[in-house]
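Trainee: could you work out the structure for the sequence below:
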Amino acid sequence: MKVVMRYIGSGLLLLLLLTGCIGEDSKDPKAIANQFWSAVISNDMETAKNLTTWESVQYLSYLKTAQLNPQRYELGEMKLIENNTKAEIPTVLHGGELGNVAIPVRTIAVKVKEQWRIDVQTTLGSLVQGTMGAVVNELNGLLQQGLKGLDETLNKTLDGLGKQLNEGLDKIQKDLQIPPPVDNQPAPKEERI
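Mentor: Prediction:
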């Protein structure tokens, strides 16, 4: 009987230790951002959904589009703001067909009931700004590499491309400002008051 109680006690102790380790990740915004982007890249949208704020879950579909298609990511140094209730984590998404297009973004995490969650809507807003900056930098880089003698046709093409990008980004920003449709499903168990 003592042996059985010892095994049960050891098992409970191990379970408590494992539960403590799992719970600690939810208290680290950078760990949550890492889990979130790993889930998005591996197309595990259920895990990504569980790591987002309830209000921004509907915006997850914008992250896995053919145009963006992130294949890997890098996280920078996190900065806590707003009385340590919000975190900004500089992130570089590598997307495109070959994963060679670097898109700077700020992953935004917010504290919800003592746990960190990703605010997808705000993160997407910073993605739009980062994408526009990346396009401008790419065009400037091309010009500085000796393509100063662009003919009029190429100039018109670049102007048209810039205009199309601006229009597309404006549309995405407008879409992000529209509140997502209200889902009549009850809130997940951990977010109920």
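
Trainee: what helix or strand is Met166 on?
Mentor: For residue 166 the amino acid is Asn, not Met. Following DSSP states H and E, one finds Asn166 within helix 152-177.

Trainee: what mean pLDDT does that helix get?
Mentor: For helix 152-177, mean pLDDT rounds to 70.

Trainee: could you do stretch 34-41 as well?
Mentor: For stretch 34-41, the per-residue pLDDT averages 95.

Trainee: list the contacts of Ile118.
Mentor: Ile32, Ala33, Phe36, Ala48, Leu51, Thr52, Thr53, Ser56, Thr107, Ile108, Ala109 (CB atoms under 8 Å, 6 or more residues apart in numbering). (Glycine included, C-beta is placed from N, CA and C.)

Trainee: from Ser61, how far out is it?
Mentor: 14 Å (CB to CB, to the nearest Å).

Trainee: among the contacts of Ile118, show me the least confident.
Mentor: Among the contacts of Ile118, Ser56 has the weakest pLDDT, 89.

Trainee: check which element follows the lowest-mean-pLDDT helix or strand in the chain along the chain.
Mentor: Sorted by mean pLDDT, DSSP states H and E, the helices and strands of the chain end with helix 2-25, the least confident at a mean of 43. Once helix 2-25 ends, the next helix or strand along the chain (criterion: DSSP H and E) is helix 29-41.

Trainee: what packs against that next one?
Mentor: helix 2-25, helix 45-50, strand 72-75, strand 86-95, strand 101-112, strand 115-118 (3 or more CB pairs under 8 Å, 6 or more residues apart in numbering; DSSP states H and E).

Trainee: again, 7 Å this time
Mentor: Helix 29-41 is packed against helix 45-50, strand 72-75, strand 86-95, strand 101-112, strand 115-118, with contacts defined by 3 or more CB pairs under 7 Å, 6 or more residues apart in numbering; DSSP states H and E.

Trainee: between those, which gets nearest to Gln173?
Mentor: For those, the distance to Gln173 is smallest for strand 101-112, at 14.1 Å, taking CB to CB.

Trainee: quick one: the closest one to helix 29-41, angle?
Mentor: 130 degrees (axes from the mean of the first three to the mean of the last three CA atoms, to 10 degrees).

Trainee: which strands border strand 101-112, and is each parallel or antiparallel?
Mentor: strand 86-95 (antiparallel), strand 115-118 (antiparallel) (DSSP bridges).
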